[in-house]
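Colleague: After the sequence you'll find the predicted model.
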Amino acid sequence: PGTFKTLFTLICFAFVLSACGGGGGGSESTTVESVEDISLAIDPDSLSLALNQSATVKAIATLEGTGTTADVSDQVNWSSDNIAIASVTRSGKTVTVTPQSQGSTRITAELDGISATASITIGNPLTKIVTDPLSKSISDGSLLEIKAQGTFSDGTSKDVTNSVTWT
């Protein structure tokens, strides 16, 4: 029943798009011959997380003939190859990957024999960020380059300037 609902939704969505799109006098039709006409992908298809960081993913179905897509996260079966490294849980359309320990694994989304996988890597959690310079006064219109140095739980440090979110 869930697969039929998904296929029916994709067919209706594709029909509406082809009936409304283009604005010209021509017409297009979309026919789903079988589930082979549909592909499945996980977005994003790879994640690198710290132990203290979770992330959300989506399962996206694509109708191959038209490129029509639909979020089917709430209709697929989710699994992790190694739940000791990362677990995957679903609440409605929200799917969360939660690190359990360091290492690598894959998560899988499966819908009626069609599946997609994503690579998950769990590393050292970031424990501290220090900016360089720590503080600086600048005049209006001036530019200042600021770097960020991250320290991880195992004591290692690295430049995380391009990895952090600046506000």
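Modeller: Yep, that arrived. Numbers count the residues shown, from 1 in each chain.

Colleague: Could you verify my assumption that Val72 touches Ala61?
Modeller: Yes: Val72 lies in contact with Ala61 (CB atoms under 8 Å); the separation is 4.6 Å. Any C-beta I mention is one placed from the backbone N, CA and C, and that applies to glycine too.

Colleague: How are the strands of this structure distributed by residue range?
Modeller: Assigned by DSSP state E, the chain shows strands spanning 38-43, 46-50, 55-63, 68-71, 77-80, 86-91, 94-99, 103-111, 114-123, 126-132, 147-152, 157-159.

Colleague: And for the last one, what's in contact with it?
Modeller: Just to be clear, that refers to strand 157-159. For strand 157-159, contacts defined as CB atoms under 8 Å, 6 or more residues apart in numbering pick out Lys147, Ala148, Gln149, Gly150, Thr151, Phe152.

Colleague: which among the residues you listed gets closest to Ser115?
Modeller: Among the contacts of strand 157-159, Phe152 lies closest to Ser115 (CB to CB), at 33.6 Å.

Colleague: Just list the residues touching the closest residue in space to that closest one that isn't next to it in sequence, thanks.
Modeller: Once flanking residues are discounted, Phe152 sits nearest to Asn124: 3.8 Å by CB to CB, 6 or more residues apart in numbering. Taking CB under 8 Å, 6+ apart, we find Asn124 in contact with Ala50, Leu51, Gln102, Phe152, Ser153, Asp154, Thr156.

Colleague: for the record, mean pLDDT for stretch 77-91?
Modeller: In this model, stretch 77-91 has a mean pLDDT of 96.

Colleague: mind saving the C-alpha coords of it as PDB?
Modeller: What follows is stretch 77-91, C-alpha atoms only, in PDB (Å, rounded to 0.1, in the frame of the first residue of the first chain):
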ATOM      1  CA  ASN A  77      12.500   1.600   5.300                       C
ATOM      2  CA  TRP A  78      15.700   3.000   6.900                       C
ATOM      3  CA  SER A  79      18.600   0.900   8.300                       C
ATOM      4  CA  SER A  80      22.200   1.200   9.300                       C
ATOM      5  CA  ASP A  81      24.900  -1.300   8.400                       C
ATOM      6  CA  ASN A  82      26.400  -0.900  11.900                       C
ATOM      7  CA  ILE A  83      24.100   0.700  14.600                       C
ATOM      8  CA  ALA A  84      27.100   0.600  17.000                       C
ATOM      9  CA  ILE A  85      28.600   3.400  14.800                       C
ATOM     10  CA  ALA A  86      25.500   5.300  13.700                       C
ATOM     11  CA  SER A  87      21.800   4.800  14.100                       C
ATOM     12  CA  VAL A  88      19.000   6.200  11.900                       C
ATOM     13  CA  THR A  89      15.600   7.100  13.100                       C
ATOM     14  CA  ARG A  90      12.500   8.500  11.400                       C
ATOM     15  CA  SER A  91       9.800  10.700  12.800                       C
END
